[in-house]
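>>> the sequence and its predicted three-dimensional model are supplied below.
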Amino acid sequence: MYLSESVRLMAQGKWLKEPFLSIVNGDAGDGSEADDTRGGDEIAADIIERMGLKVV
């Protein structure tokens, strides 16, 4: 998904502003943040928003 979106945007002279792992992990994994307790729908909505995607 990330790669195909990157290629699509590059064709328009644009690019994703967030690295893939930053989008998926929310910069977690460095030990400074607690475990994510959100549900799947909340996590998906957050990632979709951060990537700037539009769900149709």
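Arrived safely, thanks for sending.
>>> so where do the helices sit in this structure?
2-11, 20-25, 40-51 (DSSP state H).
>>> what's the angle from the last one to helix 2-11?
Comparing the axes of helix 40-51 and helix 2-11 via axes from the mean of the first three to the mean of the last three CA atoms, to 10 degrees yields an angle of 30 degrees.
>>> so where's the protein uncertain?
1, 26-34 (pLDDT under 70).
>>> pick out the residue nearest the middle of it.
Using CA atoms, centre = their mean, the residue of the chain that lies closest to the mean C-alpha position is residue 23, 3.2 Å off.
>>> please name the nearest non-neighbouring residue to that one.
Nearest non-adjacent residue to residue 23, counting by CB to CB, 6 or more residues apart in numbering: residue 50, 5.4 Å away. Every residue, glycine included, has its C-beta placed from N, CA and C.
>>> tell me, how many residues neighbour that neighbour?
Residue 50 is flanked by 15 other residues according to other CB atoms under 10 Å.
>>> I'd say it and residue 18 touch.
Yes - using CB atoms under 8 Å, residue 50 is in contact with residue 18, at 6.1 Å.
>>> now residue 2: how far from residue 49?
15 Å (CB to CB, to the nearest Å).
>>> neighbour count for those two, which is higher?
Using other CB under 10 Å, the more surrounded residue of residue 2 and residue 49 is residue 2, with 14 against 9.
>>> could you find the closest non-adjacent residue to the more buried one?
Spatial nearest neighbour of residue 2, excluding adjacent residues (CB to CB, 6+ apart): residue 20 at 4.8 Å.
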